[in-house]
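Chemist: Okay, here's the prediction I keep looking at, along with the sequence it came from:
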Amino acid sequence: MKRLISLLAAVAFVLGTAFAQEGQTVKVTMTEYQFDMPTTVKAGKTTFVIKNAGKRAHNFQIKGEGINEKLSVNPKPRETQTLEVDLKPGTYAITCPVDFHTAKGMKTTLTVK
Ligand SMILES: [Cu+2]
C-alpha cells in the first residue's frame with residue numbers, strides 16, 4: 001500500500017509538472033547578424049529558447065504590445081538561455097541590443113495570432 005501511495009504521488013508530480021509547463025516553446029538561433037526563428041507564433045505563455053550560434057555575444061530583445069523584455073546577461077557564443085514571455089496577439093520587434101547589431105540587420109518581426 002505504501003508503495004502504491006508513493007507511485008500515485010510520483011504520477012501526480014509528473015502530471016503537475018506537465019501542467020505547470022503549459023504553453024509553447026520557440027527556438028531562436030542567433031548568428032552574425034541575424035535571428036533564425038519563426039515569424040508567426042500563437043498567443044500565450046511562451047518560452048523562447050535562445051541559442052547563440054555566432055562568434056560574438058548577442059542578446060534577444062522583444063518589444064511590442066506593452067512588452068519589453070530581454071535577457072539580463074548576453075549569451076556568449078555556444079550558450080543557450082531561455083526567456084519567458086506571455087504573448088498577446090499583435091506585432092513584436094525582435095532586436096539585438098548589443099553594440100550596433102540591430103543596425104547591421106540583426107532584427108526581425110514576430111507576429112502573434
Ligand atoms: Cu547581436
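Modeler: All right, it came through fine. Numbering: from 1, shown residues only.
Chemist: How about residues contacting stretch 30-41?
Modeler: With CB atoms under 8 Å, 6 or more residues apart in numbering as the test, stretch 30-41 has contacts from 24, 26-29, 50-56, 58, 60, 75, 87, 94, 96, 101, 104-113. Heads up, the C-betas are built off the backbone N, CA and C, glycines and all.
Chemist: For it, buried residues please.
Modeler: 30, 31, 33, 34, 35, 37, 41 (16 or more other CB atoms under 10 Å).
Chemist: Pull the most distant pair out of those.
Modeler: Largest separation among those by CB to CB: 33 and 41, giving 22.1 Å.
Chemist: So which bits of this protein are right by the ion?
Modeler: 58, 96, 98, 101, 106 (CB under 5 Å from the ion).
Chemist: mind redoing it with 6 Å?
Modeler: Contact residues (CB under 6 Å from the ion) of the chain with the ion: 33, 58, 96, 98, 101, 106.
Chemist: after the lowest-mean-pLDDT helix or strand in the chain comes which helix or strand?
Modeler: The helix or strand of the chain with the poorest confidence is helix 2-20; it has a mean of 58 (mean pLDDT, DSSP states H and E). Following helix 2-20 in sequence order, the next helix or strand is strand 24-31 (DSSP states H and E).
Chemist: Point to the residue nearest the middle of the protein.
Modeler: residue 48 (1.0 Å; CA atoms, centre = their mean).
Chemist: All set, thanks.
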